[in-house]
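1. Just to be clear, the model below is a prediction. Sequence and coordinates:
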Amino acid sequence: MARAQSEMSETPGARGSRSPSLFPSTPEGDTPDREPTPGITTLPNEVEEAQGEARVSFYLQAVDEMVEGSFKEAHLFNPAELDAIARFRQLDGEARYLFIRLYLRKHDFIRVRTIGYERDISDVDAACSALCSRTPTAGPSSVIDLTADSDDEDKPMAGQSSPEDDQDFSRLAFDEKSLLDGSPADLLKLLNKDEIVSLGMKMKVLKGNGSRRDVTAALLKTSNQATLSFAPVSSKKGKEKASVGLKYDERGNKAQQSSVVVTHVLKILGCCIRLSPSYISLFDRLSLVYHRTCYTSSTGTTSLTASLLARFGKRRYPSYEVKRSYNLWPNRDALIDFEVALAAEREIEQLVETKFRALPKPDSDQTKKPKKGGKEPKEKKEKSKAQLKIEEDRKKEQEAVWQRGLDIFERVEPTWKKSVKAAKKEDANEPDEEKKGLLYYRKRFDPGWPLTRVLYKASALYARIDRHDDEKNILRKLIAQTMFRRGKRGAWYDRLALVLVKYPSAKENNSDLSKREKLKLANERNAEALQVCRDGLKDPYTHLVYKSGLQARIKRIESLQKVDKDEREKFDEQVCKADKKIVIGERLDDPETGKHSVWKSKNNPDEGISVEELVMEYYENEEGLKGIHSESGILTTLFGLLFWSILFTPVDGVFETPWQSAPLDLATDAFFAVRKKLIEKRLKFIANAKHSKIAELLSVVDDQERPHGTYCIGVNWDKYSKTDLLEITKCIGGESLSTIMRVFAEDYTSRCGGVPDLILWDPEDERALFVEVKGPGDRLSNTQKVWIDVLGSAGVEVVVCAVMTEDDKEKLDEKAAERKGNSMEKKKRKQMDSDSD
């Protein structure tokens, strides 16, 4: 048995607490500007503060372990890569240590004088020189891969180049000399704002202070201009005067201002270093092969930090059996296809989440005359030509970005179809249902897994450009397969039903169709949407959290279709909504965007507190309830303790290294599929057992692990005492607790957000209450609505509590009275119209 761990940060929602999570925040120490790479990460202060010799040694040991473990699958690496790793390991310790630390940071040029590892490296300049020195190597074309069949060729994904095409292992890093060939735009990104402004003033393109964007644009504009020469010439009177003309370099080419910009930037930067992109890709591959975590995903946890913490004796981790699997990728081609699919997933996700420039507000006003007896209208601001041009440019920018995402989809769709077909064949050849569950987890390492997400992101892009027929087609394709990402099927059903109802097809928009024909097509759309919802409810892979939404959509469609009430579908479970409450408080600060509000404590009038603390005071004073600001922390802690033995039960391929705080498949819906029998049995026990039995199950784990502070996914020993946990489980009740735990078992990753802010309870009355607190201007998010429905459906009391001042309450009452008056006026007019008819 091995001590397993993975460096986790605060669980989402558990503000102020420290518990392992699948969603790491930026660790202390180094601050990488890229996603942490699984297997290698930055370190908390307790490791950074260790003695230099031990710290360096542990870095090197951890990377050596990763390399040794990866090379047990040497068939996944070509001879050039094996040779490159050999050269890396031949470097002295300080150079290797520097490489590892730089690998953790942003992969761009870094100024040598700011590297900051002087206490660990005796000669930073020498270490940089060792990394940048060129080593003669055979070019990629001359490499013979002895691990491949003679008739087997690398076949990268359609439209993608092979990773070998640009491999260059001649050096581990590049120095500032390689910047000479860089563009001024790329070089200027390496300067900070003060340096940009100073350079702008020096080159006389800036008058006064300016934004980084403006100064950069001015410098780039002048960099495209030819440089003028002011050469002295003799006049007829023998006096010299300046002659203005174009300046030429030593080769006779026109000298550009860009060369001047580059020269100035290099002078400011000084000595720089950047790791070789080929070596970065190689270490990414090593990490993927060894740790089995996707380095392009947002849920990757980091084993190097965990390994170091264990070596320093800072943390203790759960016990489980480490059992590596060595046939996830049968050959190098399969691994490369998977890597290319991961890259496509990351790229389209970045494109979908691209933030564009905010549009400027109109700068000219035009007022309309008020209607007779009406209110003064608000001023309407017209758009200037410049603003219209900005809007047009931004629209073009958006369309270009989104089209790039759609290009990715079109490029990878053939590979996705191929993966689905192969996965279906594999499933059909496996009669054992339990083994099919393990096969489903292994599909996580198939290109089809990340490419399924690419398809869903592409459907979102089609929606943005109003190509809803294409969006429908993608959603239909996703629903038609059950090989990849089954846990998202409920969302696919719901979105397809919505799009069918809301957006007419291209055929319906044909002006040649009669109204009758258009109505027929619309009815067909609504009928299909209705069937999609029904199919979603019947689908065994539709998770609990999506069912109430599908039921609500069926009701809306039936109402739209004017289905007779007696013929409408009846559901036992209804969408639950929270009770509403208003708490009045005195605000101590002025409203400020992005800043949490501060309120006067009623228990300690001299103290400023948050909205959550104000609401806890209210319930403590008014209803005598105990409370914790927990968000998801209380539920993930209960899940960890009640499902401890299931989380760490031996399963092939999910405990690949000794440093995990959870099985690798917990981040996927494969977790439930692989352990379905165990999970269903545990859920049934929680639902039907007396509280004493549930308390015994929790207590056994708590008594065994709490004294050591065992670092397990989602569990926060410091924030939740054993007494509180036992009281809360009793107040929630076994049946309700079972329903809540099922949600985490089905899709842990997606359900860690949106849980109400507060858990309140009364152990004497056995009452539990979840409260979502909303300050001024806050609204419920979709994930919060989902959790309100889940908790309400489970029979747990849920309240949405709005915190506001007396003045805000008065304004709210006035608006409510106005709405009520308008509603009554409309009813009167409607009644009068009906009487006159």
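-> Perfect, I can see it now.
2. Would you confirm that K472 contacts L498?
-> No - the pair K472 / L498 is not scored as a contact, 10.5 Å apart, by CB atoms under 8 Å. Every residue, glycine included, has its C-beta placed from N, CA and C.
3. Who has more neighbours out of those two?
-> K472 (22 against 18; other CB atoms under 10 Å).
4. got a pLDDT number for that one?
-> Per-residue confidence (pLDDT) for K472: 96.
5. Pull up the gap between it and S459, please.
-> With the distance defined as CB to CB, to the nearest Å, K472 ends up 8 Å from S459.
6. swap in A80?
-> From A80 to S459 the distance is 39 Å (CB to CB).
7. since we're on R404, how many residues are nearby?
-> There are 15 residues near R404, going by other CB under 10 Å.
8. any idea whether it is helix, strand or coil?
-> Using DSSP: H, G, I helix; E, B strand; the rest coil, the structure places R404 in helix.
9. Doesn't I121 lie inside a strand?
-> No - counting by three-state DSSP, I121 is located in no strand; its state is coil.
10. How about the contacts made by the closest residue to it other than its chain neighbours?
-> With CB to CB, 6 or more residues apart in numbering as the criterion, I121 has its nearest non-adjacent residue at 4.7 Å, and that residue is E94. By CB atoms under 8 Å, 6 or more residues apart in numbering, the residues touching E94 are V56, D120, I121, S122, D123, A126, A127.
11. The stretch 151-300 of the chain: helices as residue ranges?
-> 184-188, 193-202, 212-223, 257-269, 277-291 (DSSP state H, counting those that start in this stretch).
12. Apologies, that question was intended for the stretch 551-700 of the chain.
-> With DSSP H, counting those that start in this stretch, the ranges of helices along the stretch 551-700 of the chain come out as 611-623, 633-642, 644-647, 670-674, 676-688, 691-705.
13. Ok, the stretch 701-837 of the chain next?
-> Using DSSP H, counting those that start in this stretch, helices in the stretch 701-837 of the chain cover 722-732, 734-746, 782-793, 806-836.
14. Which elements pack onto the last one?
-> Helices and strands touching helix 806-836, as assessed by 3 or more CB pairs under 8 Å, 6 or more residues apart in numbering; DSSP states H and E, comprise strand 579-584.
15. got it, and the third one?
-> For helix 782-793, the packing partners by 3+ CB pairs under 8 Å, 6+ apart come out as helix 544-560, helix 734-746, strand 767-774, strand 797-804.
16. Quick one: neighbours of D108, just the number.
-> 13.
17. helix/strand/coil for it?
-> Three-state assignment for D108 (three-state DSSP): coil.
18. neighbours around the residue lying closest to G792 once chain neighbours are set aside, how many?
-> Take G792 and drop its neighbours on the chain: the residue closest to it by CB to CB, 6+ apart is C576, 2.7 Å away. By other CB under 10 Å, 17 other residues sit near C576.
19. Check S793 too.
-> Other residues within reach of S793, judged by other CB under 10 Å, total 19.
20. what do you get for T293?
-> 22.
21. Do you know the pLDDT at the residue nearest to G792?
-> 77.
22. For the helices of the stretch 701-837 of the chain, could you give me JSON lines that also reports distance to V773 and mean pLDDT?
-> What follows is those, written out as JSON lines (distance: least, CB to CB, whole Å; pLDDT from 0 to 100):
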{"stretch": "helix 722-732", "distance to V773": "18", "mean pLDDT": "97"}
{"stretch": "helix 734-746", "distance to V773": "20", "mean pLDDT": "95"}
{"stretch": "helix 782-793", "distance to V773": "11", "mean pLDDT": "89"}
{"stretch": "helix 806-836", "distance to V773": "15", "mean pLDDT": "75"}
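23. contacting residues for K577?
-> When contacts are counted by CB under 8 Å, 6+ apart, K577 is found next to I788, D789, G792.
24. Isn't G490 up against K547?
-> Yes - contact criterion CB under 8 Å: G490 and K547 qualify, at 7.2 Å.
25. For those two, work out which one has more neighbours and name it.
-> G490 (23 against 20).
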